[in-house]
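> Please find the sequence and the predicted model below.
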Amino acid sequence: MKITRLRTQVVHLPITPPILTAFGAIRSADCVLTFLDTDEGITGEGLVFSINNARLGVIHEMIRNLEDLVLGLDPRLGGSLNATAWKDLNFLGYEGVSIVGLAAIDNALWDLRGKAAGLNVAHLIGACRPAQKTYASGGLWLGSSIDDLQKEAAGFVARGFKAMKTRVGPTDPEKMVERVAAVREAIGPDIGLMVDANQQMSVKQAIRIGRMMEELNLTWFEEPVICHDHEGEAQIAAALDTPIASGETVYTHRGIHQMLEARSADILMPDLQRMGGPTEFLKAGHLCEAYHIPCASHLFPEMSLALLASLPGGHYLEHMPWFESIYKERIELDANGDAIVSDRPGWGFSFDPEAIKRFSD
């Protein structure tokens with residue numbers, strides 16, 4: 001089997017109503033869908049994205065410019081892609097758009113290998129569990145009132161989720177803690193509750209609000225300070241009993257390794273896009289295991305599910321529904337609220353041609 005063509009398609013997935021975050025309003029998740037065709041009629045699928053269509057054209061062009069790395073490649077030798085790419089991308093560097101472009105191709109390549117073998121990617125690797133702990137992340141935003149937070153939180157529990165995430169900002173700590181406490185009240189003591197600060201706090205602010213929230217029994221306190229301040233993250237992690245989660249904004253397994261060495265977080269959460277695809281994501285996960293640090297995921301649940309389920313230290317899958325509308329299938333929860341690993345080959349989730357037409361340029 002040989003890869004004969006790389007195809008791409010831009011789609012714009014609206015987020016309605018827009019989400020108010022510490023970074024501003026999120027109105028859309030805009031994706032470059034990536035397809036690897038073969039001479040045996042099997043096609044691998046993957047995607048990367050940007051928020052609010054920002055710089056999506058640059059990402060698209062980067063993916064197109066990497067086509068020569070996979071044309072003629074036997075998918076069974078897919079491990080050679082990264083070895084070739086590191087040399088090819090050396091001049092541009094190993095962060096930013098070059099790695100995002102590589103991720104799109106590597107995502108599609110792993111889907112292709114799974115389909116060629118007739119196995120889900122999790123089973124191709126060797127799954128550690130048939131279902132993965134997950135949490136609802138597509139709600140409980142800063143723009144919601146306390147009443148809305150409680151109704152939405154109760155709705156997640158009714159849908160079967162055993163964990164969920166809300167957000168806090170850097171101003172008015174008492175008000176922020178009141179909002180988190182309201183969610184805890186709505187869901188009870190046995191549901192996992194994460195809190196995300198989206199990198200908006202100083203070290204002192206994070207320690208203060210973190211101590212105020214400790215009685216709420218949080219699963220983790222996420223990205224309290226700017227992503228490159230690993231020393232600051234480490235100070236917060238040392239000061240609080242609540243676990244600190246971070247890592248979604250660093251690039252490749254090397255970025256994760258730097259965080260591990262700095263002891264900057266209690267839980268690391270590599271992002272499939274910023275890792276550069278599954279090959280690097282798995283390296284990051286195994287590094288976490290070596291340091292006895294749990295590995296969660298950031299976004300891309302339809303692909304991250306298979307990868308987390310294959311990691312001994314796979315912790316929590318972020319169930320973010322931004323990409324659901326482009327897929328034929330949906331993630332299903334078992335009786336324990338865990339995301340079920342599909343028996344379908346590849347990622348187990350395939351793009352819907354009708355949805356592609358509907359959301360295309």
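Arrived safely, thanks for sending.
> so who does D30 touch?
Counting by CB atoms under 8 Å, 6 or more residues apart in numbering, D30 touches V10, V11, H12, L13, F49, S50, I51, N52, N53, L56. Every C-beta, even on glycine, is put in place using the N, C-alpha and C of the backbone.
> In helices, which of those appear?
Those of those mapping onto helices are L56, per DSSP state H.
> Just the buried ones out of the contacts of D30, please.
Buried members of those, scored by 16 or more other CB atoms under 10 Å, are V10, V11, H12, L13, F49, S50, I51, N52, L56.
> Off-centre distance for stretch 181-188?
25 Å (CA atoms, centre = their mean, to the nearest Å).
> actually stretch 127-135, sorry about that
How far stretch 127-135 lies from its chain's middle: 15 Å, per CA atoms, centre = their mean.
> Of all the residues in it, which ones are buried?
With burial defined by 16+ other CB under 10 Å, the residues of stretch 127-135 counted as buried are A127, A131, Q132, K133, T134, Y135.
> can you redo those as CSV with pLDDT, distance to Q200 and secondary structure?
As requested, the buried residues of stretch 127-135 are arranged in CSV below (pLDDT from 0 to 100; distance: CB to CB, whole Å; DSSP: H, G, I helix; E, B strand; the rest coil):
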residue, pLDDT, distance to Q200, secondary structure
A127, 97, 37, coil
A131, 98, 33, strand
Q132, 98, 29, strand
K133, 98, 27, coil
T134, 98, 25, strand
Y135, 98, 21, strand
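> and the residue lying closest to M269 once chain neighbours are set aside, how many neighbours?
Leaving aside its sequence neighbours, M269 sits nearest to A296 (CB to CB, 6 or more residues apart in numbering; 4.2 Å). Using other CB atoms under 10 Å, A296 has 28 neighbouring residues.
> Would you check that A296 makes contact with Y316?
Yes - with contact defined as CB atoms under 8 Å, A296 reaches Y316; the gap is 4.4 Å.
> related to what we said a few turns ago, using JSON lines, lay out the buried residues of stretch 127-135 together with distance to I99.
As requested, the buried residues of stretch 127-135 are exported to JSON lines (distance: CB to CB, whole Å):
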{"residue": "A127", "distance to I99": "27"}
{"residue": "A131", "distance to I99": "30"}
{"residue": "Q132", "distance to I99": "25"}
{"residue": "K133", "distance to I99": "27"}
{"residue": "T134", "distance to I99": "26"}
{"residue": "Y135", "distance to I99": "26"}
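> before we move on, the earlier item: in strands, which of the buried ones among the contacts of D30 appear?
Judged by DSSP state E, the buried ones among the contacts of D30 include V10, V11, H12, L13, F49, S50, I51 as members of strands.
> for S98, what are its contacts?
M62, L89, L92.
> quick check, nearest of those to R167?
Nearest to R167 among the contacts of S98 is M62, at 30.4 Å by CB to CB.
> quick one: contacts of the helix or strand encompassing that closest one?
Using DSSP states H and E, M62 maps to helix 56-65. If you take CB under 8 Å, 6+ apart as the criterion, helix 56-65 is touched by 6, 8, 10, 30, 32, 34, 48-50, 97-98, 100-101, 104-105.
> of all those residues, which comes closest to V157?
Closest to V157, out of all of the contacts of helix 56-65 and judged by CB to CB, is F49, at 28.6 Å.
> what sits against the residue lying closest to that closest one once chain neighbours are set aside?
Leaving aside its chain neighbours, F49 sits nearest to C31 (4.3 Å; criterion: CB to CB, 6+ apart). Contacts for C31 (CB under 8 Å, 6+ apart) come out as V10, V11, H12, L13, L47, V48, F49, F323, I326.
> Which parts of the stretch 1-150 of the chain are strands?
Remark: strands assigned in the stretch 1-150 of the chain by DSSP state E, counting those that start in this stretch are 3-21, 24-38, 43-51, 131-132, 134-136.
> Figure out which of those strands is closest to I340.
strand 131-132 (4.9 Å).
> circling back: please tell me which one of the contacts of S98 counts the most neighbours.
M62 leads the contacts of S98 on contacts (other CB under 10 Å) with 22 neighbours.
> so how far is T279 from it?
17 Å (CB to CB, to the nearest Å).
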